[in-house]
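**Q** The following comprises the amino acid sequence and a computationally predicted model.
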Amino acid sequence: MSECPVVLNKDEVIRLLSLEDLIPRLESAMGKFSRRSTSGIIQPVRSVLPIHKHHGFLGLMPVYMADEGVLCTKLVTFYNRAENCTSPSTQATVLLFDPERGHVTAMMNGEAITAIRTAAVSAISAQLLKPAVSDVLCILGSGQQARSHYDVFTKIFKFKEVRVWSRRREMAERFVEDLEEPVVVCCSVREAVSGADVIVTVTGATEPILGAEWIKSGAHIAAVGACRPDWRELDDVLMREALVYVDSRDGAHAESGDIILSGAQVFGELGEVINGSVPAPREKTTVFKSLGMGLQDAVAAKLVFDKWKSEQ
Ligand SMILES: NC(=O)c1ccc[n+]([C@@H]2O[C@H](COP(=O)([O-])OP(=O)(O)OC[C@H]3O[C@@H](n4cnc5c(N)ncnc54)[C@H](O)[C@@H]3O)[C@@H](O)[C@H]2O)c1
Ligand SMILES: O=C(O)[C@@H]1CCCCN1
């Protein structure tokens, strides 16, 4: 290594990564990505190595943004394991490189980046696709992503009611204990989603937990879990009847069980909606199937590193 990289821990990343700066940069990068050949962005579908013995996976998420001079990769492990395990189910490190000389310039906590950028991208989808009047937010799941989605969605949007459901009720009760605003704890998915305008699914489910029959017509669903080709969160009817948007078509066709196993058609990429090349009819039921992209991590990591440098 020709130079020692800067190392930024979780607290530093959280301090330096502001939503106000991140969201417009993510919109711009995702719009550019969806222009493909002219984008100057190289992002292969992530490599995922199964860790069979421990019900886990190691993902490698490289990206090169030629115009911006950003070369980055995230290394992420994710596990599908018992809730009483004390380690987080998703853990990550993000590396930024000098693209000209090849050395690592910064190494930073990837859990904070993953939590914040995923919720920020879901918020971009909701901004574009949610019903014009959206009073009720429902979060299914009560883990890391549930918390980051709660924080980002309640900061950006004004909901009259927020609901949460978790597989174990005590986990949902623990989730709301830390919050300043009231959140309704629901006993069933059906109760939680009934009449909701925006639904966020952030669970470790591997079988569908959310059915079309319970959902209000015109609702927007940000489907964040189920990131393996044989994992599901949403049922076939919902996937086939809704307009389905994705972050990357290639990623979705390789990794999303909800898309592959339901046979749902992808209507567009979020970047295409941002570019105005794919419509966003708010009155229709819409699903944003999020899988996460190295590009989103790179945008966040560059922002963090630039802010850090500006303080030196
Ligand atoms: N799309 C993206 O960019 C992205 C990024 C990070 C994480 N994820 C995915 O989002 C999901 C949530 O991540 P997290 O970090 O919050 O995980 P977490 O472990 O912190 O929380 C998982 C939640 O899902 C619940 N759960 C687990 N198994 C379930 C099941 N079978 N049915 C219903 N609920 C179940 C748990 O009770 C918990 O509330 C995971 O699937 C993860 O892989 C996606
Ligand atoms: O894009 C991500 O960061 C996550 C990692 C865990 C699996 C799902 N996608």
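**A** Sure thing, it's come through. Residues are numbered from 1 along each chain as shown. Ligands and ions are numbered 1, 2, ... in the order given.
**Q** For the closest residue to ligand 1 within the stretch 1-150 of the chain, list the residues it contacts.
**A** Closest approach of the stretch 1-150 of the chain to ligand 1 (Cβ to the nearest ligand atom) occurs at Gly143, with a separation of 1.9 Å. (C-beta placed from N, C-alpha, C; glycine too.) Going by Cβ atoms under 8 Å, 6 or more residues apart in numbering, Gly143 touches Ser89, Val202, Thr203, Gly204.
**Q** Before we move on, what's the pLDDT of the residue lying closest to the third one once chain neighbours are set aside?
**A** By the measure of Cβ to Cβ, 6 or more residues apart in numbering, the closest residue to Thr203 outside its immediate chain neighbours is Gly141, 4.0 Å from it. With respect to pLDDT, Gly141 has a value of 98.
**Q** my guess is Gly141 meets Gly225, correct?
**A** Yes: here Gly141 reaches Gly225: they are 6.9 Å apart, a contact under Cβ atoms under 8 Å.
**Q** so what's in contact with these two at the same time?
**A** Jointly contacting Gly141 and Gly225 under the rule Cβ under 8 Å, 6+ apart are Thr201, Val202, Thr203, Gly204.
**Q** For the second one, grab the count of nearby residues.
**A** Spelled out, that is Val202. Using other Cβ atoms under 10 Å, Val202 has 26 neighbouring residues.
**Q** just checking, Ser89 touches Arg81?
**A** Yes: the pair Ser89 / Arg81 is scored as a contact, 6.9 Å apart, by Cβ under 8 Å.
**Q** Comparing those two, which residue is more hemmed in?
**A** Ser89 (17 against 13).
**Q** where's whatever residue of the stretch 1-150 of the chain ends up closest to ligand 2, which helix or strand?
**A** Nearest residue of the stretch 1-150 of the chain to ligand 2: Phe78, at 4.0 Å (Cβ to the nearest ligand atom). If you go by DSSP states H and E, Phe78 is part of strand 70-79.
**Q** Neighbouring strands - and their directions - for that strand?
**A** strand 56-65 (antiparallel), strand 90-97 (antiparallel) (DSSP bridges).
**Q** Using PDB, write out every CA atom in the longest one.
**A** The reference is to strand 56-65. Once non-C-alpha atoms are left out, strand 56-65 reads as follows in PDB (Å, rounded to 0.1, in the frame of the first residue of the first chain):
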ATOM      1  CA  GLY A  56     -24.700 -16.300   5.500                       C
ATOM      2  CA  PHE A  57     -23.400 -14.600   2.300                       C
ATOM      3  CA  LEU A  58     -20.400 -12.400   1.400                       C
ATOM      4  CA  GLY A  59     -21.200  -9.800  -1.200                       C
ATOM      5  CA  LEU A  60     -18.700  -7.800  -3.300                       C
ATOM      6  CA  MET A  61     -20.100  -4.600  -4.800                       C
ATOM      7  CA  PRO A  62     -17.500  -2.800  -7.000                       C
ATOM      8  CA  VAL A  63     -18.300   0.300  -9.100                       C
ATOM      9  CA  TYR A  64     -16.300   2.700 -11.200                       C
ATOM     10  CA  MET A  65     -17.700   6.200 -11.900                       C
END
